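1. Coordinates only, no sequence provided:
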């Protein structure tokens, strides 16, 4: 299990020039397994191209790639300096940025907004035009009440040793969130009631300081309270994307009911809730065939083959349009046997972490 301390900073200290940043409310550290981080990473990566299925291999590559860059010897999430030094500058920044997005995704999901969309993809689906050369936030999220009151957030990542400050990163993220809020609020139907700027600062195995998740959260009030299911549908489309079920991805994007082939799934009861579980590779069987052609390569990944991910039966009924509302009674939970996400999805049958 990994963890990262979480620090909130006050808005005036971020926006005022030549002042030190000031911490606000106390927050408990965010804890997550590397399996949870893997799923978060995969879903953040595919969320901005849900209508382009050729990126499936890129998602899988990044899903497994985080294991080579994260140090396994500390509870605090640290990066392997030996791996970082072998990456070109742009690859290094991309990896760190992707990890920052995945950690922010987990934080938002477990703090009241479990249905998360890529901001630009959502705007495209909602017919909101983004002008050229405008910098927008990474994500937009919906709470469990499924209303048109939405949260937007920008996630940045940096190495502890780099020159850029947390303050400058958070200030830039706030600017992007402000741009995004204006776009959303100027279009009838949705309203941004929460804007969060994150900066994940990563330490390495050679540093004595911990990695940290830093954020600022301008307060605002709920406004519309109108029900809308577009954000939640797009959110679950990313779950079907990572198992390679592109037909149901398309169904969700186009507001059609999902259709599950029951022979592909096994119903598993976990904590009193039924989940439709499926092998992570069951839809991407051709990936396994590629791996098997290289015995040495396949051996290193064989421990992943039996991993299963699942989706709550309540969610399936809602997305199948057999239920008019989404019954929501799922709490995130982690143990050595399974990982339950706040959106009603699950990972199970995974090998012990190394």
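-> Great, that's in hand. It should be emphasised that the depicted structure is a prediction, and the values quoted were computed from it without experimental measurement.
2. what are the ranges of the helices in the stretch 101-250 of the chain?
-> Shown for the stretch 101-250 of the chain, the helices assigned by DSSP state H, counting those that start in this stretch span residues 119-125, 166-185, 230-242, 246-253.
3. what does the third one contact?
-> With Cβ atoms under 8 Å, 6 or more residues apart in numbering as the contact definition, helix 230-242 has outside contacts at 39, 42-43, 46-47, 50, 53, 56, 59, 63, 114-117, 121-122, 125-126, 140-142, 146, 150, 246, 248-249, 252-253, 255, 258, 280, 309, 311, 315, 319, 326, 343, 345. Every C-beta, even on glycine, is put in place using the N, C-alpha and C of the backbone.
4. Can you tell me which of the residues you listed are buried?
-> The neighbour-count criterion (16 or more other Cβ atoms under 10 Å) marks 39, 42-43, 46-47, 50, 56, 59, 63, 114-117, 121-122, 125-126, 140-142, 146, 150, 246, 248-249, 252-253, 258, 280, 309, 311, 315, 319, 326, 343, 345 among the contacts of helix 230-242 as buried.
5. Okay, and which of these map to strands?
-> With strands taken from DSSP state E, the overlap with the buried ones among the contacts of helix 230-242 comprises 115-117, 140-142, 150, 309, 311, 345.
6. Out of these, which is nearest to residue 102?
-> Using Cβ to Cβ, residue 116 comes nearest to residue 102 of these, at 11.1 Å.
7. Now do the same contact list for the closest residue to that closest one other than its chain neighbours.
-> With Cβ to Cβ, 6 or more residues apart in numbering as the criterion, residue 116 has its nearest non-adjacent residue at 4.6 Å, and that residue is residue 141. When contacts are counted by Cβ under 8 Å, 6+ apart, residue 141 touches 108-109, 113-117, 150-153, 231.
8. rerun that using 7 Å as the cut-off
-> Counting by Cβ atoms under 7 Å, 6 or more residues apart in numbering, residue 141 touches 108, 113, 115-116, 150-151, 153.
9. now do residue 76
-> Applying Cβ under 7 Å, 6+ apart as the definition, the contact partners of residue 76 turn out to be 3-4, 210-211.
10. hmm, 8 Å instead?
-> The neighbourhood of residue 76, defined by Cβ under 8 Å, 6+ apart, consists of 2-5, 203, 210-211.
11. what is residue 197 paired to in the beta sheet?
-> Per DSSP bridges, residues listed as beta-bridge partners of residue 197: residue 154, residue 216.
12. tell me, how many neighbours does it end up with?
-> Residues within reach of residue 197, counting by other Cβ atoms under 10 Å, total 29.
13. Quick check on residue 81: phi, psi?
-> Backbone geometry at residue 81, expressed as degrees, to the nearest 10, gives phi -60, psi -30.
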